[in-house]
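Engineer: What follows is a predicted structure for the sequence shown.
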Amino acid sequence: MIRMLGTFFDETIQGRVGGSVMALLPDISLNPELDVLGFYVPFSFFIVTLGFMLAWALAWAMDRLGLTRFVWHPPLFLFAMMVGCSAGLGLLLFPR
């Protein structure tokens with residue numbers, strides 16, 4: 001089902017823009033590990049790191065706007081945002 005949704009998404013984007021969004025990203029579909037200074041690092045490491053940074057930036061912005069006063073447990077909320085951001089980025093950027 002996920003592959004069907006990806007195909008639908010690519011066809012929809014190609015119909016609107018004239019090209020695939022995935023064409024803008026490097027082709028890592030056959031090699032989900034990236035070579036960083038001689039070490040093979042899994043793709044999920046980058047997704048979790050980016051998800052944590054995005055969640056931290058969102059929590060900082062919420063704190064500056066005073067929205068964290070409505071949060072019952074801020075560390076738990078940050079962890080939930082990190083999981084959600086990582087999952088969203090993983091679904092968006094996962095190599096096919």
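Structural biologist: Cool, the structure landed.
Engineer: by contact count, what packs against the helix ranked longest in the chain?
Structural biologist: Counting residues, the longest helix found in the chain (DSSP state H) is helix 43-65. Judged by 3 or more C-beta pairs under 8 Å, 6 or more residues apart in numbering; DSSP states H and E, the packing partners of helix 43-65 are strand 33-36, helix 74-93. Heads up, the C-betas are built off the backbone N, CA and C, glycines and all.
Engineer: how many neighbours does the residue lying closest to Ala59 once chain neighbours are set aside have?
Structural biologist: Distance criterion C-beta to C-beta, 6 or more residues apart in numbering; nearest residue to Ala59, sequence neighbours excluded, is Leu78 at 5.2 Å. For Leu78, the neighbour count with other C-beta atoms under 10 Å is 18.
Engineer: so what's Leu78 up against?
Structural biologist: Residues near Leu78 by C-beta atoms under 8 Å, 6 or more residues apart in numbering: Ala55, Trp56, Ala59.
Engineer: Isn't the last one up against Thr68?
Structural biologist: Put plainly, it is Ala59. Yes: contact criterion C-beta atoms under 8 Å: Ala59 and Thr68 qualify, at 7.3 Å.
Engineer: so what sits against both of the two?
Structural biologist: Common contact partners of Ala59 and Thr68 (C-beta under 8 Å, 6+ apart): Pro74, Phe77.
Engineer: ok, back up a step: put together a markdown table for the contacts of Leu78, with neighbour count on each row.
Structural biologist: Output for these, formatted as a markdown table (neighbours: other C-beta atoms under 10 Å):
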| residue | neighbour count |
| --- | --- |
| Ala55 | 20 |
| Trp56 | 14 |
| Ala59 | 19 |
